[in-house]
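**Student:** Need a 3D model of the sequence below.
(chains A and B)
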Amino acid sequence: EADIYQTPRYLVIGTGKKITLECSQTMGHDKMYWYQQDPGMELHLIHYSYGVNSTEKGDLSSESTVSRIRTEHFPLTLESARPSHTSQYLCASRGWNIQYFGAGTRLSVL
Amino acid sequence: GQQLNQSPQSMFIQEGEDVSMNCTSSSIFNTWLWYKQDPGEGPVLLIALYKAGELTSNGRLTAQFGITRKDSFLNISASIPSDVGIYFCAGQWNSGNTPLVFGKGTRLSVIA
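**Tutor:** Prediction:
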């Protein structure tokens, strides 16, 4: 059982709002990831972290930002949400070559 | 960069049939992982493979790490309706200090 949690599960907001998607894991993993996925489509890596104070951009350019102040916490922030940000956002963490995913946050920007 | 080719992209099968899907890489991998994603959920790990030639089962699922280290396949025997979902392969080509490379997924539909 993976101990990685994402909140909220669903979020509907208006254009221009600032939002933060939360991701926490209790497995002590150093490596954490954020993916963006449209329904039924492939996974796109947008951010990752090797540990505290480490953040890297992924393969897909994203207007979101991330921070890693604590090992267990890897939040993603959108300063000004737009309809093009509507998607599912999946957080993951990895330990010893096994990567675990959270249940995701389904974001809709109106 | 690393690329994974996963096929087929989608499958429609009758309940009770066996299913096979595969992934091929442009480079040698030292780890292969297979995930299943249900609608609205995150991917869940099904099987992890770490050695060339390794054959591993998890219930009705069987996966193999190809001898060339550039491919892997997943078989599902006697499919049931709850097998519906998207199956992703993922590979790691080094010691683990780079993100996993994911295939684009195989979308499985099971007709009762």
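
**Student:** count of neighbours near A:His47?
**Tutor:** 23 (other Cβ atoms under 10 Å in any protein chain shown). Just so you know, the C-beta spots here come from the backbone N, C-alpha and C atoms, and that holds for glycine as well.

**Student:** and what of the one 5 residues further on?
**Tutor:** Around A:Val52 there are 12 other residues, counting by other Cβ under 10 Å.

**Student:** Quick check: B:Val44 touching B:Asn58?
**Tutor:** No. In this structure, B:Val44 is not within contact of B:Asn58 by Cβ atoms under 8 Å, at 11.3 Å.

**Student:** in chain A, which segments are predicted with low confidence?
**Tutor:** Applying pLDDT under 70 to chain A flags residues A:1-2.

**Student:** centre of the chain versus the longest strand anywhere in it, how much separation?
**Tutor:** In chain A, with assignment by DSSP state E, the single longest strand is strand A:87-95. Relative to the mean C-alpha coordinate of its chain, strand A:87-95 is positioned 5 Å out (Cα atoms, centre = their mean, to the nearest Å).

**Student:** and if you look at stretch A:56-69?
**Tutor:** Its chain's average C-alpha position is 9 Å from that of stretch A:56-69, according to Cα atoms, centre = their mean.

**Student:** in that stretch, what's buried?
**Tutor:** Residues of stretch A:56-69 classed as buried by neighbour count (16 or more other Cβ atoms under 10 Å in any protein chain shown): A:58, A:62, A:64, A:66, A:68.

**Student:** Which SSE is immediately downstream of the longest strand of chain A?
**Tutor:** strand A:98-101 (DSSP states H and E).

**Student:** do that following strand and chain B meet?
**Tutor:** Yes. Counting by Cβ under 8 Å from any Cβ of the partner chain, chain B has neighbours in strand A:98-101: A:98-101.

**Student:** again, but for stretch A:102-110
**Tutor:** Yes. Remark: stretch A:102-110 sits within contact range of chain B at A:102-104, A:106, by Cβ under 8 Å from any Cβ.

**Student:** I appreciate the help and will end here.
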